[in-house]
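Enquirer: Predicted model, plus sequence, below.
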Amino acid sequence: MITSMNRMYHAVGISKQNFHQQIIRDDHRAGMKVRRYRNYRRTTNSSGVIRFPNLTVALELTGANQTYCSDITYYDIAGEFYYLTFIMDIFSRRIVGWNAAATLL
């Protein structure tokens, strides 16, 4: 399938990137893109949040398991929130830990 699509792009003299950009530009309903609707709901309130300095700016990483970062996000599924927490190794960019739960406790 992929090979035949590449042949089709080559036959009409365009690149795959050009094809998808044209769909977005012309607002066609065909193709691989789905119209994206903006979610105007705010999910965080950053007023009063303490900002800590980035202590890793001058750090030179030489291998895995030296520095981690984490993120918490949530999804509204059928009117209920579910929380996802990820821990990522900065050097290898691999997820080394995760949790999914209905609460943050």
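Expert: Everything's here; your move. For clarity, every value in this text was computed on a predicted model and none was experimentally measured. Residues are numbered from 1 along each chain as shown.

Enquirer: Check the gap between residue 16 and residue 9 for me.
Expert: Plainly put, residue 16 is 5 Å away from residue 9 if you go by Cβ to Cβ, to the nearest Å. From N, CA and C alone the C-beta is placed, and that goes for glycine too.

Enquirer: For beta bridges, what are the partners of residue 97?
Expert: The partner list for residue 97 in beta bridges (DSSP bridges) reads residue 87.

Enquirer: Which residue ranges of this protein form helices?
Expert: Secondary structure of the chain (DSSP state H): helices located at 2-12, 16-26.

Enquirer: Please name every helix or strand in contact with the first one.
Expert: Helix 2-12 sits against helix 16-26, with contacts defined as 3 or more Cβ pairs under 8 Å, 6 or more residues apart in numbering; DSSP states H and E.

Enquirer: Quick one: mean pLDDT for the helix it packs on?
Expert: Taken as a whole, helix 16-26 has a mean pLDDT of 67.

Enquirer: I'd guessed residue 83 sits against residue 77; true?
Expert: No - with contact defined as Cβ atoms under 8 Å, residue 83 does not count as touching residue 77 (11.2 Å).

Enquirer: higher neighbour count, these two?
Expert: A count of neighbours by other Cβ atoms under 10 Å puts residue 83 above the other of residue 83 and residue 77, at 15 against 8.

Enquirer: need the contact list for that one.
Expert: Counting by Cβ atoms under 8 Å, 6 or more residues apart in numbering, residue 83 makes contact with 72-74, 99-104.

Enquirer: For it, give me the pLDDT.
Expert: 91.

Enquirer: what about the closest residue to it other than its chain neighbours, distance to residue 66?
Expert: Spatially, and ignoring its direct neighbours in sequence, residue 83 is nearest to residue 74 (4.8 Å; Cβ to Cβ, 6 or more residues apart in numbering). To residue 66, residue 74 is 29 Å away according to Cβ to Cβ.
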